[in-house]
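K.L.:
Kindly return the folded structure for what I paste below:
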Amino acid sequence: MSEKKNPWLPLFLTNFLSVLNDNIIKYLVIFVGVGWISIEYQPYVVPIASAMLVLPFILFSPLAGRYAKIYKKKKIMIWGKFAEIPIMIVAIIGFIFQSLPVVMTAVLLMGLQSTMFSPAKYGLIRDIRGNEGISFGTGMMEMLTFVGVLLGTVFSGKLANFLKEDYNISVLSAVLLSVALLGWITAKMIKADESPVIESNHDTLNPVSFIYKQYRVSKHFPGVNDAIFGLSLFWLIGATIQYDITDHARYIFGLDDLNTGIIMSIAAIGIAVGAILTGWLSGKHVHLGYVIVGSLGLGLSMFLIMILNPAKDLFIALIFLGAFFAGFFKIPLNSYIQDAVQGRKLGDILGYLNIMVFTFILLSAAIYALFNYMTASTIIVNNEEKEVVDTLLVFGFIGLISFGTGVYYYFKVKGAKEDFHNILKGKLGRE
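P.N.:
Numbers count the residues shown, from 1 in each chain. Reported below is the predicted structural model:
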């Protein structure tokens, strides 16, 4: 297919390859790097690795938003992908010497790299095909993002098993460097009709001041703050579900890391299917009614898990169903922001979105820790006593947040109720 017929392909591939390397590195730290340190420190590896990817978004999103206004977005993508090559070399050095601090440094740098080109990559969706392409482009971007998460998890598991059998990092090195190099090449192939850059910008780089200012700016674009809050809740829900699935699979079903990873992969597939279907159904417009459909469907799935305490097969089916509806929840919100905010102002708004999203992801860790403190009970796992959170109660809490979001959008967000009623009447939005 020619680049003219499929102008999206370079952008989609660039994003996919970045997500793929992010997740290969992250999960290799969890699967392999955890074995390099003494057992009493191992429980801290997962939250630290997650924080390394999250903190740059909170601290540097204002700078990323500024760059998306004063530089060409394609140029930011190219330099960001080029930077991934030396970052992978740092990671490889860490694996050679089995140094967790060095590999964690690479994870931190990957988080910073992802932060810097996040506003640029989403801003390019509209630049490639205009407002009419926003819903489809966002749906495909998110679908491939979750495919990247899925494949990154699977590849890292395979690489981890390979390294445990024969600690030879040549294959790992080839994978990491090849993915980084290919991403740089695809970034150079992006074609977009970008709006003129802003010659100078003196907005604050302080994250707290930046949030306050962009919140006020977003009030000039009706519904944008609602969309940002909705997306922040989506990621809080997603992160909490990830923690809860991990504990439920390990301690309730007694599954190993590989089978737990398979359930995570099934969830990623569910979101990907929901995302691409929402983008396709939305056609050339943004339909906020699908936010209500998605939030109610996700909430119902979580409540069923809490009430039924299902066996493994039904649990997996309900996780897939909830993830599928999560795709409907997310895509219209992303698309709405890109449709509502025109020109280079979008860079700052996307920076604001990133700070809020990753703040809520950190909040999810605190919420899960609180549930663990308040509801944990002792169970026997493989002849060992384990303190385990009440996972069913957490699923119910997630369902409550999701339902609450749907109710809020139905009653408070202009146009969402009418759009939802049209969807119920069979007017699904495809034009």
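
K.L.:
Look up how far Thr260 lies from Gly223.
P.N.:
38 Å (C-beta to C-beta, to the nearest Å). All C-beta spots, glycine's among them, are computed from the backbone N, C-alpha and C.

K.L.:
now swap in Leu233 and tell me
P.N.:
25 Å.

K.L.:
just Lys74 next, same as before
P.N.:
In terms of C-beta to C-beta, Lys74 sits 39 Å off from Thr260.

K.L.:
Ok, Thr204 next?
P.N.:
Distance, Thr204 to Thr260, using C-beta to C-beta: 42 Å.

K.L.:
More neighbours: these two, which one.
P.N.:
Neighbour count, other C-beta atoms under 10 Å: between Thr204 and Thr260, Thr260 has more, with 17 against 14.

K.L.:
Thr246 is in contact with the more buried one, correct?
P.N.:
Yes. Using C-beta atoms under 8 Å, Thr260 is in contact with Thr246, at 6.0 Å.

K.L.:
where in this protein is pLDDT low?
P.N.:
1-5, 40, 43, 199-203, 257, 380-386, 428-431 (pLDDT under 70).

K.L.:
burial measure for Ile93, as a count.
P.N.:
Ile93, neighbours per other C-beta under 10 Å, totals 16.

K.L.:
Contact partners for it?
P.N.:
Residues in contact with Ile93 (C-beta atoms under 8 Å, 6 or more residues apart in numbering) are Ser99, Val102.

K.L.:
ok now stretch 158-173, how far from the chain's centre?
P.N.:
27 Å (C-alpha atoms, centre = their mean, to the nearest Å).

K.L.:
and the residue nearest to Thr405 when sequence neighbours are not counted, how many neighbours does it have?
P.N.:
Excluding the flanking residues, the one nearest Thr405 by C-beta to C-beta, 6 or more residues apart in numbering is Ser295, at 4.5 Å. Ser295 has 29 neighbours, counted by other C-beta under 10 Å.

K.L.:
now the one 4 residues further on
P.N.:
Using other C-beta under 10 Å, Gly299 has 25 neighbouring residues.

K.L.:
Do I have it right that it meets Gly396?
P.N.:
No. Taking contacts as C-beta under 8 Å, Gly299 lies outside contact range of Gly396: 9.8 Å.

K.L.:
Looking only at the helix or strand containing the residue nearest to Thr405, what residues are buried by neighbour count?
P.N.:
In this structure, Ser295 sits in helix 289-308 according to DSSP states H and E. Applying a neighbour-count criterion of 16 or more other C-beta atoms under 10 Å, one finds 289-306 buried in helix 289-308.

K.L.:
What helices and strands are in contact with it?
P.N.:
Judged by 3 or more C-beta pairs under 8 Å, 6 or more residues apart in numbering; DSSP states H and E, helix 289-308 is in contact with helix 224-247, helix 257-282, helix 312-340, helix 391-412, helix 416-424.

K.L.:
Burial-wise, tell me which of the ones you listed comes out on top.
P.N.:
Across those, the average number of neighbours (mean count of other C-beta atoms under 10 Å) peaks for helix 312-340, which reaches a mean of 23.

K.L.:
got the angle for the next helix or strand after that one vs helix 391-412?
P.N.:
Sequence-wise, the next helix or strand downstream of helix 312-340 (DSSP H and E) is helix 345-375. Relative orientation of helix 345-375 and helix 391-412, computed by axes from the mean of the first three to the mean of the last three C-alpha atoms, to 10 degrees: 140 degrees.
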